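Engineer: can't give you the sequence, but here's the structure:
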Ligand code: SER
C-alpha cells in the first residue's frame, strides 16, 4: 500500500505521518511507501521503518499532480491548502493552490483510467459557510455562501469531489475541519490559529496579543481528534459514505476568553490583550458550533477531547518542548 500526503510539511500532515509511522491507526506492515509532498521538502524521521520519499513543488501545476499520480498511490490524503488569513492577502495564490490544486489532483487520477481507483481524503473547512447558514449547530446541508477566498475555494473543491465521484466513480471522501490545535508545529495564516499561539505565549510567560475579540466563539478540534477523524474516514467502507461533498465535523467550541480562563487555571499570572485585525471579519461569518450528526451516523465519528483535556496536554507538551530548547 502506497500513501501520498499532500501538504506533508504542514501541521496536520506531519502529525498524520507520525501516527502512520507509530503504527497506531494504519497497520504499517501493509504500508510499502509514504510520499510527502509540499511546497518545501517535508521533514521526516531518518530511521523510519517505512521508506519515505519527499517531493516539493507547486500543486496548482497539473504536471505536478500528474507526476505524483504516476506511482499510483493507493491512499491519498489531500491536505495542501493556503488557509483563510493568508488567502485573503494573497488571493491568486490561495485560489490557485486550493482550487486548481484539488481539481488538478482529481483530474490526474481520472486520467489514469478506470483500473486506478485510490481512496482520496480531501480536507475542507468550516470556512465554506457564510452568513446564510445558521451560526450555531450549523447543519450539514446549510446553504453555502462563503465570504473568503479560502471558503470559496474549499466549497469549489467539495463540489469537484462530488462531481468526480458521481461522474467517474472516484472514491473521494471529505471532511470540513474546524480550527485545528496541536503542539507539534506552528500553523500559518489561519483565523483559528490564535488558539495555538495562545498556548505558546502562556508557556513562554509572555502576554498574549489576540487578533480576535474576547467573545468570538469558533468550532475547534484537538489535533489528535482531527488526524483520527481523517484516518477513520479513509478506512470507512465505501457503502457508509453517503456525503460526497464534505462531512461536517465537530470537536469543541470556545471563545478567546474561554481558552484564556482555562489556561489561567495553570498559569494564574498569564495575561491577554486584544488587538483585533482583519481576521475578526472572517470569524464573524463562520459558525460558532457545528452539527456533525451525519459523520457520527455514517462512519461513527466521535471526538474525544474537550477544552480542559486539550489544554492539559498542550501545556504539558509545550513545556517539554521549550525546556528542551532552553
Ligand atoms: N484553520 C482554518 C483557518 O483558520 C479554518 O479551517 O483558516
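Structural biologist: Yes, it's here. If you're wondering where the values come from, they're calculated on a predicted model, not measured in any experiment. Residues are numbered from 1 along each chain as shown.

Engineer: contacts, neighbours, all on C-alpha from now
Structural biologist: Will do.

Engineer: for the ligand, what's the nearest residue on the stretch 1-150 of the chain?
Structural biologist: At 3.7 Å from the ligand, residue 84 is the closest residue in the stretch 1-150 of the chain, using Cα to the nearest ligand atom.

Engineer: so that residue sits right up against residue 187, yeah?
Structural biologist: No. With contact defined as Cα atoms under 8 Å, residue 84 and residue 187 do not form a contacting pair (11.7 Å).

Engineer: tell me which of these two has more neighbours.
Structural biologist: Set side by side, residue 84 and residue 187 show more neighbours around residue 84, with 24 against 19, by other Cα atoms under 10 Å.

Engineer: ok, back up a step: ok, now how distant is the residue of the stretch 1-150 of the chain closest to the ligand from residue 151?
Structural biologist: Note on residue 84: its distance to residue 151, by Cα to Cα, to the nearest Å, is 7 Å.

Engineer: before we move on, what about residue 262?
Structural biologist: For residue 262, the distance to residue 151 equals 30 Å [Cα to Cα].

Engineer: more crowded one of these two?
Structural biologist: Taking other Cα under 10 Å, residue 262 and residue 151 do not tie; residue 151 has more neighbours (27 against 16).

Engineer: look up how far residue 98 lies from the closest residue to residue 314 other than its chain neighbours.
Structural biologist: Leaving aside its sequence neighbours, residue 314 sits nearest to residue 183 (Cα to Cα, 6 or more residues apart in numbering; 6.0 Å). Using Cα to Cα, residue 183 is found at 25 Å from residue 98.

Engineer: now residue 200
Structural biologist: 28 Å.

Engineer: compare the two (neighbour count), which wins?
Structural biologist: A direct count of neighbours by other Cα under 10 Å for residue 200 and residue 98 places residue 98 higher, at 29 against 20.

Engineer: surely that one is in a helix?
Structural biologist: Yes. Counting by DSSP: H, G, I helix; E, B strand; the rest coil, residue 98 is part of a helix.

Engineer: what residues does it make contact with?
Structural biologist: By Cα atoms under 8 Å, 6 or more residues apart in numbering, the residues touching residue 98 are 60, 80-82, 150, 153-154, 157.

Engineer: hmm, 7 Å instead?
Structural biologist: 81-82, 153-154 (Cα atoms under 7 Å, 6 or more residues apart in numbering).

Engineer: and if you look at residue 172?
Structural biologist: Taking Cα under 7 Å, 6+ apart, we find residue 172 in contact with 119-122, 161, 165.

Engineer: next one: residue 255
Structural biologist: By Cα under 7 Å, 6+ apart, residue 255 lies in contact with 214-218.

Engineer: spatially nearest residue to it (excluding sequence neighbours)?
Structural biologist: Among residues not flanking residue 255 along the chain, residue 217 sits closest, at 4.0 Å (Cα to Cα, 6+ apart).

Engineer: tell me the contacts of that neighbour?
Structural biologist: The neighbours of residue 217, taking Cα under 7 Å, 6+ apart as the test, are 253-255, 288.

Engineer: tell me which helix or strand residue 17 sits in.
Structural biologist: Assessed by DSSP states H and E, residue 17 sits inside helix 11-21.

Engineer: give me the distance from that helix to the chain's centre.
Structural biologist: Helix 11-21 sits 12 Å away from the centroid of its parent chain (Cα atoms, centre = their mean, to the nearest Å).

Engineer: please identify the buried residues of that helix?
Structural biologist: In terms of neighbour count (16 or more other Cα atoms under 10 Å), helix 11-21 has its buried residues at 11-17, 19-21.

Engineer: follow the chain on from it and name the next helix or strand.
Structural biologist: Where DSSP H and E defines the elements, the next helix or strand beyond helix 11-21 is strand 33-38.

Engineer: from the rest of the structure, what touches that next one?
Structural biologist: Residues from elsewhere that reach strand 33-38 (Cα under 7 Å, 6+ apart): 2-9, 42, 50-57.

Engineer: residues near residue 141, how many?
Structural biologist: Counted by other Cα under 10 Å, the residues lying close to residue 141 total 14.

Engineer: shouldn't it be within a strand?
Structural biologist: No. Counting by three-state DSSP, residue 141 is not part of a strand but coil.

Engineer: between strand 33-38 and the helix holding residue 17, find me the angle.
Structural biologist: Note on geometry: by axes from the mean of the first three to the mean of the last three Cα atoms, to 10 degrees, helix 11-21 and strand 33-38 are set 170 degrees apart in direction.

Engineer: quick one: is helix 11-21 near the ligand?
Structural biologist: No. Helix 11-21 stays clear of the ligand (Cα under 6 Å from any ligand atom), getting no nearer than 10.8 Å.

Engineer: which other helices and strands does that helix contact?
Structural biologist: Helix 11-21 sits against no helix or strand, with contacts defined as 3 or more Cα pairs under 7 Å, 6 or more residues apart in numbering; DSSP states H and E.
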